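> Just the structure for this:
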Amino acid sequence: MNEAYSAFAAGYDRMMGDVDYDGWANYIDSFLKEAGARTVLECACGTGSLTVRLARRGYAMTGSDLSEDMLMIARQKALDAGLRFLPFVCQDMRKIALHKPVDAVISACDGVNYLLDGAENFFRAAHDALKPGGLLLFDVSSAYKLSAVLANNTFAATGEDWAYIWENTYHPRLDRVDMALTGFLKQGTGYARFEERHSQRAYTEEELRTALESCGFGDVQAYEAFTREAPSATAERLQFVARKE
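Predicted coordinates:
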């Protein structure tokens, strides 16, 4: 995990340009407001697109990620937004270390899927980092998406100054999809090629509910992402909301 997105960092925001971060921030904000949260830790924050948006809404944010390359971009993004004191720390989401507990811990865009050895260590760390009654919010690409949509398929996309080929291999016995990404970023008059390898675990809703409850969370809710509806059988992203008991 500590090398994830190392080469990809420079082109990440360009290749993710179709992601509706404003809508995503609105969705997360709705849960945080209902809980009366003020202090928030975002794990696996990447280049900080969501962190910055939530900070601009008044939350006392801290962003954390394992990729220092991604965090360098996040810090510059915060400065460009006038957020001089928005902290970003290089930290494993399974080993959260904070000066004091927070009202909410969040992780967006597949952070939990990258925990191949199980999500319990993250859930325990988040539980320890939260104030009593604090909220844990995270989403996952669903088991359906990994096993039926991404599985053994190849995708390609191009932009004005980038391109990528994304090849996937699904391993049903491991509940895991391995991803081989070959990308090209424009540099000067040519293009620089990079290759990255990623793996994600396919978690079922039941697995995550059981793990959350075993780690001391209650009132566990699962939604089809960006809604307040129960997940359908073909939902590609699930949003979990759990409260520290």
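> domain assignment for this protein?
9-141+203-244, 145-200 (automatic domain parsing).
> any idea which of the ones you listed is most buried?
domain 9-141+203-244 (a mean of 18; mean count of other CB atoms under 10 Å). Heads up, the C-betas are built off the backbone N, CA and C, glycines and all.
> gap between residue 212 and residue 44?
Going from residue 212 to residue 44 by CB to CB, to the nearest Å gives 17 Å.
> Over to residue 23?
Residue 23 is 19 Å from residue 44, by CB to CB.
> can you check residue 118 too?
The gap separating residue 118 from residue 44 is 16 Å, by CB to CB.
> Please enumerate the helices of this structure.
In the chain, the helices defined using DSSP state H lie at 9-15, 21-35, 49-56, 68-80, 120-129, 143-144, 205-214.
> Distance to residue 86 and mean pLDDT for the ones you listed - can I get that in JSON lines?
Shown next, in JSON lines, are the helices of the chain (distance: least, CB to CB, whole Å; pLDDT from 0 to 100):
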{"stretch": "helix 9-15", "distance to residue 86": "17", "mean pLDDT": "79"}
{"stretch": "helix 21-35", "distance to residue 86": "14", "mean pLDDT": "98"}
{"stretch": "helix 49-56", "distance to residue 86": "5", "mean pLDDT": "98"}
{"stretch": "helix 68-80", "distance to residue 86": "4", "mean pLDDT": "96"}
{"stretch": "helix 120-129", "distance to residue 86": "18", "mean pLDDT": "98"}
{"stretch": "helix 143-144", "distance to residue 86": "34", "mean pLDDT": "98"}
{"stretch": "helix 205-214", "distance to residue 86": "28", "mean pLDDT": "98"}
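> Indicate which one of those helices is closest to residue 167.
With CB to CB, the closest approach to residue 167 among the helices of the chain belongs to helix 9-15: 15.5 Å.
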